[in-house]
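Asks: heads up, no residue letters with this:
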Ligand code: HEM
């Protein structure tokens, strides 16, 4: 690759994440950072396939991840785990412990390397934790804990797998293509915990939604341009855009339902989902070892597993349409402390309270923003701060066709959430009931106890807490979000 001349704007040093770029200088942490890292062709997905391997100095991390996948590490909680499988994961974990502490400073120059480092370290950490015997203490060894926390400070992300790790930055093209936008059927994943097609299809369902959602982002941009003018012609154009949005959102719902074609609900629930679990899905505390020697690193408190609730696309549609989610804390779970922008937030010492056991005051959907790439988080903030919000403009203009188009768009988002509820019932509620029905009474009782004592979240993982109550709390939360979506619509005659 030809080197950029030193005065090229992309050759500028990566700005300090806490200070941002100097005044008058564009943020060049990524190609699209000046535009909140939202690409006109791929939306919240990066325009080019993410880096698939870190350079040589960090090869030991990559090798660990290769080995974990190659050895087919099994969940420590697997009921019929064999001695051979236990030995295999034990020897892999011994390799992790023996790994030298690799320096991270040279990663800081590149946002793309940092992203890959977060992906590799967080996946290794989840392999480590979830391959442990179910009663073992969870101590994350320094060779993973220290660099992961270092990288998280730079990225302002929590040290846990996020939606961006498994969806946004976990893809490659199946077949090389010169097309500017990856075709929805030309994607494969880089990292899988189980190596199963079901897992790959689960991530790709979200990736396809992100890519199809690009049209929704374009509609939002065009609408906001028209809102600036807000005359009769603008009202007609916005009406047309909102009808297009209905078609896009209905496509998103179809893509969501299509997850059933490649991902079996029972396989998902019992074999895939447990790998994602965050600290708040467990009664065992996660301890990050090696921090004593690194007082600059703070103990993390945001440790929920990945969730598509971290998809900026759905948040963006809510913000754009003016859907209000004021009291969605029904599902709010563990970690706790009010958010710093980094989300990777910290208590000063090891005597900090066990974060995973403190109830959060921060509403769930708001909390999920801390797990998004920070440029996307800023995009949502920017979108929400528009001086010309759509809903208020529709109310003010009093144009019947526009109001109907707005209501139709809100209704499409409500339908998307209805479909999502069906998917959650199929992939979480039903398998959890089937699992309980076949489990011995003692086991069922234990699960019910765990369920009562904690909440958690995750790409479908939020509900182990909810098993004991038949998923009512999860369903209540999701229905609440859906109902608040409907509430954005105007009653006939306007409101
Ligand atoms: C098999 C597929 C899926 C399952 C089992 C599932 C499960 C869940 C669960 C359990 C929650 C509750 C919060 C949490 O614990 O994370 C949730 C929330 C959410 N999920 Fe999914 N999900 C799936 C696919 C998707 C996809 C593909 C999207 C969109 C890209 C999506 C978007 C959301 C959103 C936006 C929320 C927050 C609630 C809302 O805004 O309606 N989910 N999901």
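Replies: It's in. Please read all numbers here as calculations on a predicted model, not as lab measurements.

Asks: drop to CA atoms for contacts and neighbour counts, all remaining ones
Replies: OK.

Asks: buried stuff in stretch 265-283?
Replies: For stretch 265-283, the buried set under the neighbour-count rule, 16 or more other C-alpha atoms under 10 Å, comprises 265-266, 268-282.

Asks: actually stretch 114-124, not the one I wrote
Replies: If you call a residue buried by 16+ other C-alpha under 10 Å, then stretch 114-124 has these buried ones: 114, 115, 116, 117, 118, 119, 120, 121, 122, 123, 124.

Asks: tell me the one of these nearest residue 399?
Replies: Of all these, residue 115 has the smallest distance to residue 399: 45.9 Å, by C-alpha to C-alpha.

Asks: closest residue of the stretch 251-400 of the chain to the ligand?
Replies: Closest approach of the stretch 251-400 of the chain to the ligand (C-alpha to the nearest ligand atom) occurs at residue 309, with a separation of 3.6 Å.

Asks: so who does that residue touch?
Replies: Each residue near residue 309 by C-alpha atoms under 8 Å, 6 or more residues apart in numbering is listed here: 365, 368.

Asks: confidence score at it?
Replies: Note on residue 309: pLDDT of 96.

Asks: same question, the one 3 residues further on
Replies: Here the pLDDT value assigned to residue 312 is 98.

Asks: could you measure it against residue 153, distance?
Replies: Using C-alpha to C-alpha, to the nearest Å, one obtains 21 Å as the distance from residue 312 to residue 153.

Asks: from the rest of the structure, what touches the helix or strand that contains residue 59?
Replies: Counting by DSSP states H and E, the secondary-structure element that holds residue 59 is helix 59-70. Residues from elsewhere that reach helix 59-70, judged by C-alpha under 8 Å, 6+ apart: 53-54, 89, 92, 95-96, 99, 120-121, 123-124, 127, 192-195.

Asks: which of the residues you listed fall within helices?
Replies: Secondary structure of the contacts of helix 59-70 is defined by DSSP state H; positions in helices are 89, 92, 95, 96, 120, 121, 123, 124, 127.

Asks: stretch 53-71: which residues count as buried?
Replies: 53, 54, 58, 60, 61, 62, 64, 65, 68, 69.

Asks: contacting residues for the residue nearest in space to the middle of the chain?
Replies: By C-alpha atoms, centre = their mean, the mean C-alpha position of the chain lies nearest to residue 163, the distance being 2.4 Å. Contacts for residue 163 were tallied using C-alpha under 8 Å, 6+ apart; they are 306, 307, 308, 310, 311, 371, 372, 459.

Asks: most neighbours of all those, which one?
Replies: Among these, residue 371 has the most neighbours (other C-alpha atoms under 10 Å), with 30 neighbours.

Asks: tell me which two of the contacts of helix 59-70 sit farthest apart.
Replies: Using C-alpha to C-alpha, these span at most 24.5 Å, a distance reached by 99 and 195.

Asks: related to what we said a few turns ago, mind putting the buried residues of stretch 114-124 into a markdown table with pLDDT and distance to residue 207?
Replies: Supplementary listing: the buried residues of stretch 114-124 in a markdown table, determined by pLDDT from 0 to 100; distance: C-alpha to C-alpha, whole Å:
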| residue | pLDDT | distance to residue 207 |
| --- | --- | --- |
| 114 | 98 | 21 |
| 115 | 98 | 17 |
| 116 | 98 | 17 |
| 117 | 98 | 20 |
| 118 | 98 | 19 |
| 119 | 98 | 16 |
| 120 | 99 | 19 |
| 121 | 98 | 21 |
| 122 | 98 | 20 |
| 123 | 98 | 18 |
| 124 | 98 | 22 |
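
Asks: stretch 272-292 near the ligand anywhere?
Replies: No. Judged by C-alpha under 6 Å from any ligand atom, stretch 272-292 and the ligand are separated, with a smallest distance of 8.7 Å.

Asks: average model confidence for that stretch?
Replies: In this model, stretch 272-292 has a mean pLDDT of 94.

Asks: cool, stretch 262-269 as well?
Replies: Taken as a whole, stretch 262-269 carries a mean pLDDT of 97.

Asks: please state the offset of it from the chain centre?
Replies: Computed by C-alpha atoms, centre = their mean, to the nearest Å, the separation of stretch 262-269 from the middle of its chain amounts to 19 Å.

Asks: gap between the two ends of that stretch?
Replies: Criterion C-alpha to C-alpha; first-to-last residue distance in stretch 262-269 is 14 Å.

Asks: just the element for residue 143, please.
Replies: When elements are assigned from DSSP H and E, residue 143 belongs to helix 142-155.

Asks: give the other helices and strands that that helix contacts.
Replies: helix 83-98, helix 111-131, strand 286-288 (3 or more C-alpha pairs under 8 Å, 6 or more residues apart in numbering; DSSP states H and E).

Asks: and among those, the most buried is which?
Replies: When you average the neighbours per residue for each of the helices and strands packed on helix 142-155 (mean count of other C-alpha atoms under 10 Å), helix 111-131 leads with a mean of 23.
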